[in-house]
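# with the sequence up front, the predicted model follows.
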Amino acid sequence: MQTFSKLLSITALTASLMLGLGSTADAAQKTEFKVAWSIYVGWMPWGYAADHGIVKKWADKYGIKIDVTQFNDYVESMNQYTAGAFDAVTLTNMDGLSIPAAGGVDTTAVIVGDFSNGNDAVILKDKASLADIKGQNVNLVEYSVSHYLLARALESIKLSERDVKVVNTSDADMVAAYKTPDVSAVVTWNPLVSSILEDPSAKKVFDSSQVPGEIIDLMVANTTVLKDNPNFGKALAGIWYETAALLKADTPDGKAARETMGSASGTDLKGFEAQVAATKLFDKPADAVAFTASPSLPKTMDLVRNFLFQKGLLGNGAPSADIIGIEMPDGKVLGDSGNVKLRFTETYMKAAADGAL
């Protein structure tokens, strides 16, 4: 089954830092743009839109060309974006901060597409209470959103990572690892969660619905490119909302779209719809604007940046979590206002909500 790794490896981070310094996508007016995306339920609309003429429709409207490329390796897609080979990329809020932003690339979240609302989970073998995790080895993709979810789960019962032992495990090996006798606890994401929960011994004891709005999936773009080419942002918004509406539609066309997206992500219609149900998908732009402008977003990004700082993932020798500035839609900045490298904006989502695309 094809999945993607929401992964933050030290190697990938180092590579991104090396690539990011002094490398940004071409600035000024341009007519051709490159977008990278990876397999995940919340990002499947981008591939569908590219294959079914929706990308071309919106690009043509603004007199531009948009080339959409699927990556099977999520980290590589972010590294390529950080290196300036792509103008935009799908990533999570956490990875946006730790890879392109920490790599020196000023990045703007054009589309806040969804947040995980149960797709990521802590699973124990033959134990039904989260408290039973104490003292156990926990298999997960280290420095990923799974690692972050574990930290939040432990915090909820007044434990810390010192109370468990993290065992770095590839997402490709996670299902097989769970079946071995010496693995008793895992943290992972769908469709792996669904596969593991088919085992009668598997008990879900915590999931991302208990920290709603914290694992956010985005379409981001190079800030300079976006500033110089606002029509690129408008086209991305048009593509997203047309395709996301189709994904959620209770119509024959909607069902066919979900079937196609499910197949492309390595599952069937039922499996894909189960993943959609565990995702808070912002198919309506007004909902995305409200979420992005809410006071919960700065709180979430504060949690995320402190987690990354504690793991040493904000750059070598970072003195504090304040080293990188994160700008909110109202202009307020978390961290260093002189080094803003990650920005959240309502601009393009609001244009869609106002019918101004």
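Perfect, I can see it now.
# and the longest helix along the chain, what's buried?
For the chain, the helix with the greatest residue count under DSSP state H is helix 230-248. Within helix 230-248, the residues that count as buried by 16 or more other Cβ atoms under 10 Å are 231-244, 246-247. For glycine as for every other residue, the C-beta is placed from the backbone atoms N, C-alpha and C.
# among those residues, find me the one that's closest to residue 253.
Checking the buried residues of helix 230-248 against residue 253 by Cβ to Cβ gives residue 246 as the nearest, at 6.4 Å.
# surely that closest one touches residue 254?
Yes: Residue 246 is within contact range of residue 254, at 5.7 Å (criterion: Cβ atoms under 8 Å).
# which residues in the stretch 201-350 of the chain form helices?
223-228, 230-248, 252-264, 269-277, 285-293, 296-310, 347-353 (DSSP state H, counting those that start in this stretch).
# for the second one, give the mean pLDDT please.
Okay, so that is helix 230-248. Across helix 230-248, pLDDT averages out at 98.
# circling back to that earlier point, relative to residue 55, which of the helices of the stretch 201-350 of the chain is closest?
Nearest to residue 55, of those and by Cβ to Cβ, is helix 230-248 at 5.5 Å.
# okay, the closest one in PDB with CA atoms only?
Output of helix 230-248 as PDB, limited to C-alpha atoms (Å, rounded to 0.1, in the frame of the first residue of the first chain):
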ATOM      1  CA  PRO A 230      -0.600  36.900  -7.000                       C
ATOM      2  CA  ASN A 231      -2.500  35.200  -9.900                       C
ATOM      3  CA  PHE A 232      -0.600  32.000  -9.000                       C
ATOM      4  CA  GLY A 233      -2.100  32.100  -5.500                       C
ATOM      5  CA  LYS A 234      -5.600  32.800  -7.000                       C
ATOM      6  CA  ALA A 235      -5.300  29.800  -9.300                       C
ATOM      7  CA  LEU A 236      -4.200  27.500  -6.500                       C
ATOM      8  CA  ALA A 237      -7.200  28.600  -4.500                       C
ATOM      9  CA  GLY A 238      -9.600  28.000  -7.400                       C
ATOM     10  CA  ILE A 239      -8.100  24.600  -8.100                       C
ATOM     11  CA  TRP A 240      -8.400  23.500  -4.400                       C
ATOM     12  CA  TYR A 241     -11.900  24.600  -3.700                       C
ATOM     13  CA  GLU A 242     -13.400  23.200  -7.000                       C
ATOM     14  CA  THR A 243     -11.700  19.800  -6.300                       C
ATOM     15  CA  ALA A 244     -12.300  19.700  -2.600                       C
ATOM     16  CA  ALA A 245     -16.000  20.400  -3.200                       C
ATOM     17  CA  LEU A 246     -16.100  17.500  -5.600                       C
ATOM     18  CA  LEU A 247     -14.400  15.300  -3.100                       C
ATOM     19  CA  LYS A 248     -17.100  16.000  -0.500                       C
END
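# what's the local residue count around residue 306?
14 (other Cβ atoms under 10 Å).
# how close does the spatially closest residue to it that is not a sequence neighbour get to residue 56?
Spatial nearest neighbour of residue 306, excluding adjacent residues (Cβ to Cβ, 6 or more residues apart in numbering): residue 321 at 4.9 Å. Going from residue 321 to residue 56 by Cβ to Cβ, to the nearest Å gives 42 Å.
# ok, the two, which is more surrounded?
Between residue 321 and residue 56, counting by other Cβ under 10 Å, residue 321 is the more crowded of the two (19 against 15).
# give me every residue that touches that one.
Residue 321 makes contacts with 302, 305, 306, 308, 309, 314, 335, as judged by Cβ atoms under 8 Å, 6 or more residues apart in numbering.
# swap in residue 85?
residue 34.
# let's see the pLDDT reported for it.
98.
# doesn't it lie inside a strand?
No: the assignment for residue 85 (DSSP: H, G, I helix; E, B strand; the rest coil) gives coil, which keeps it out of a strand.
# strands of the stretch 51-200 of the chain, start to end?
For the stretch 51-200 of the chain, the strands defined by DSSP state E, counting those that start in this stretch cover 65-71, 88-92, 107-116, 120-125, 137-140, 165-168, 185-189.
# would you list these in JSON lines and tack on distance to residue 204, mean neighbour count and mean pLDDT?
Formatted as JSON lines, the strands of the stretch 51-200 of the chain follow (distance: least, Cβ to Cβ, whole Å; neighbours: other Cβ atoms under 10 Å; pLDDT from 0 to 100):
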{"stretch": "strand 65-71", "distance to residue 204": "29", "mean neighbour count": "18", "mean pLDDT": "97"}
{"stretch": "strand 88-92", "distance to residue 204": "21", "mean neighbour count": "29", "mean pLDDT": "96"}
{"stretch": "strand 107-116", "distance to residue 204": "14", "mean neighbour count": "26", "mean pLDDT": "98"}
{"stretch": "strand 120-125", "distance to residue 204": "5", "mean neighbour count": "24", "mean pLDDT": "97"}
{"stretch": "strand 137-140", "distance to residue 204": "14", "mean neighbour count": "22", "mean pLDDT": "97"}
{"stretch": "strand 165-168", "distance to residue 204": "19", "mean neighbour count": "14", "mean pLDDT": "96"}
{"stretch": "strand 185-189", "distance to residue 204": "11", "mean neighbour count": "27", "mean pLDDT": "95"}
